[in-house]
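[1] need a 3D model of the following:
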Amino acid sequence: MTDHVLQTLQQLVQDVIAPDVRELKVRQLSFERLVDERFTSQAKSFDERFNSLTKGMDMRFSALDEHFTLQARQNELQFKTLMSAISESKAQTDLAWVREFSDHRERIAVIESKLAAKAS
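    Purely as a prediction, here's the structure:
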């Protein structure tokens with residue numbers, strides 16, 4: 001009788017449980033494929049969006065870098081222009097002082113010559 005019970009159990013496992021296990025394996029594989037497909041497509045979508053964002057940020061940083069470089073050049077040019085104007089102004093002031101001293105020397109020379117003529 002135990003042989004018969006064992007055979008009955010074996011037959012039950014083969015007829016009822018084994019097909020369900022096989023079906024579960026097939027469904028599991030199908031589910032894994034579906035998850036892989038969705039993950040792969042989402043990963044690709046994420047990569048595309050990330051790359052697009054990276055390119056956009058690169059373009060913005062490049063534009064900012066160009067802007068700051070241009071601003072630095074303009075500042076340097078303005079500084080040089082200002083320094084040149086200051087130098088020119090200083091040179092003109094020095095020239096004016098030289099002319100004024102020259103005029104004073106001439107006047108002093110005239111006064112000295114008049115004083116020398118009176119003294120003699």
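[2] this structure: helices as residue ranges?
    In the chain, the helices defined using DSSP state H lie at 2-12, 18-119.
[3] let me have those in JSON lines, extended by mean pLDDT.
    As requested, these are exported to JSON lines (pLDDT from 0 to 100):
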{"stretch": "helix 2-12", "mean pLDDT": "81"}
{"stretch": "helix 18-119", "mean pLDDT": "91"}
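[4] can I get those helices in JSON lines with mean neighbour count?
    In short, each C-beta sits where N, CA and C put it, glycine included. Conversion of the helices of the chain to JSON lines gives the following (neighbours: other CB atoms under 10 Å):
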{"stretch": "helix 2-12", "mean neighbour count": "9"}
{"stretch": "helix 18-119", "mean neighbour count": "10"}
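[5] quick one: residues contacting the most centrally placed residue in the chain.
    The C-alpha lying nearest the average C-alpha coordinate of the chain belongs to residue 61 (CA atoms, centre = their mean; 3.3 Å). Counting by CB atoms under 8 Å, 6 or more residues apart in numbering, residue 61 touches no other residue.
[6] check the gap between it and residue 54 for me.
    Separation of residue 61 from residue 54 (CB to CB, to the nearest Å) stands at 10 Å.
[7] cool, residue 33 as well?
    31 Å.
[8] now do residue 70
    Distance from residue 70 to residue 54, by CB to CB: 24 Å.
[9] repeat that for residue 97.
    For residue 97, the distance to residue 54 - CB to CB - is 63 Å.
[10] ok, now residue 66?
    Taken as CB to CB, the span from residue 66 to residue 54 is 19 Å.
[11] ok, residue 83 next?
    With CB to CB as the criterion, residue 83 and residue 54 are 43 Å apart.
[12] same question for residue 68.
    For residue 68 relative to residue 54 (CB to CB), the value is 21 Å.
[13] cool, residue 19 as well?
    52 Å.
[14] repeat for residue 80
    39 Å.
[15] and what of residue 73?
    Taking CB to CB, one finds residue 73 at 28 Å from residue 54.
[16] same check on residue 74?
    From residue 74 to residue 54 the distance is 30 Å (CB to CB).
[17] try residue 67
    Distance from residue 67 to residue 54, by CB to CB: 20 Å.
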